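[1] need a 3D model of the sequence below.
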Amino acid sequence: MPVAIAAPCADVEAVFARGTFAPQGFGGIGDDFVSALRSKLSDKAVNAYAVVYPASTDFPTAVDGIRDAADHIEDVATRCPNTKLVLGGYSQGAAVIGFTTANAVPGGVDPAEVPEPMPAAVADKVAAVVLLGKPDPEFMDLIGQPPVSVGPAYAAKTIELCAPGDPICSDGGDGSAHSSYSRNGMVDQAATYAASRV
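    Numbering: from 1, shown residues only. Predicted coordinates:
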């Protein structure tokens with residue numbers, strides 16, 4: 001059996017969840033975010049972790065991402081007490097990260113089917129939360145899922161960016177806007193925000 005070796009502790013650990021249909025890894029927007037963050041923190045060691053989950057239109061499987069993200073975040077917070085965490089996600093991945101920060105199981109969800117909220121002390125290790133194109137309550141209702149609400153311990157360190165016209169995070173009707181975050185400067189804006197909080 002291969003032995004899993006934990007990555008050494010870095011100054012910063014970026015945890016990013018990709019959007020629907022993006023191949024395993026960070027996805028294009030996630031790649032751009034991680035690159036921009038590393039560029040802005042060139043004087044620091046930055047590790048990056050891609051949340052493992054299907055990122056498919058079988059939306060209830062997003063709970064796999066919530067569980068994977070929380071497990072990784074809690075592991076880094078325990079192993080690496082001096083590491084600052086930056087949590088990020090795009091589209092469905094933004095919902096995954098938003099739910100990961102929750103301090104309670106959403107109403108109407110069976111607590112047996114979702115991970116327990118992360119320990120309160122974990123929030124102290126998180127420097128920033130970046131949500132790009134987070135599905136709005138109307139979209140979540142449309143797919144039969146509860147609205148995404150960032151936990152109170154994370155809200156003051158969270159930036160949510162929604163491209164003008166993006167129908168996933170607003171009532172806009174421009175489908176192409178949902179893939180515009182790298183082009184429109186919002187990925188760079190998010191990385192600048194996260195870097196400023198590290």
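
[2] how about low-confidence regions in the protein?
    1-7 (pLDDT under 70).

[3] which residue ranges form the strands in it?
    12-17, 46-50, 84-90, 126-132, 158-161 (DSSP state E).

[4] of all these, which lies closest to Gly65?
    strand 12-17 (5.4 Å; Cβ to Cβ). No exception for glycine: its C-beta is placed from N, CA and C like everyone else's.

[5] can you list the strands that the closest one pairs with?
    strand 46-50 (parallel), strand 84-90 (parallel) (DSSP bridges).

[6] quick one, the last one and strand 126-132 angle?
    With axes from the mean of the first three to the mean of the last three Cα atoms, to 10 degrees defining the directions, strand 84-90 sits at 10 degrees from strand 126-132.

[7] the shortest one too?
    Counting by the same axes, to 10 degrees, strand 46-50 lies at 50 degrees to strand 126-132.

[8] neighbouring contacts of strand 46-50?
    Identification of contacts with strand 46-50 by Cβ atoms under 8 Å, 6 or more residues apart in numbering yields 7, 10-18, 24-26, 30, 34, 37-38, 72, 76.

[9] can you select the buried ones from the residues you listed in PyMOL?
    Applying 16 or more other Cβ atoms under 10 Å to those leaves a buried subset, and the PyMOL line that selects it is:
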select buried, resi 10+12+13+14+15+16+17+18+26+30+34+37+38+72+76
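
[10] coming back round to it: nearest to Asp166, out of the strands paired with strand 12-17?
    strand 84-90 (11.1 Å).

[11] hmm, back to that, save the strands paired with strand 12-17 as TSV, and put in distance to Pro167 too.
    Below are the strands paired with strand 12-17 laid out as TSV (distance: least, Cβ to Cβ, whole Å):
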stretch	distance to Pro167
strand 46-50	26
strand 84-90	15
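
[12] got those as a markdown table, with distance to Leu132 and mean neighbour count columns?
    Formatted as a markdown table, the strands paired with strand 12-17 follow (distance: least, Cβ to Cβ, whole Å; neighbours: other Cβ atoms under 10 Å):
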| stretch | distance to Leu132 | mean neighbour count |
| --- | --- | --- |
| strand 46-50 | 15 | 20 |
| strand 84-90 | 4 | 28 |
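
[13] for Val105, see how far away the nearest residue to Cys9 once chain neighbours are set aside is.
    Once flanking residues are discounted, Cys9 sits nearest to Cys80: 3.6 Å by Cβ to Cβ, 6 or more residues apart in numbering. Shown here: Cys80 relative to Val105, a distance of 28 Å by Cβ to Cβ, to the nearest Å.
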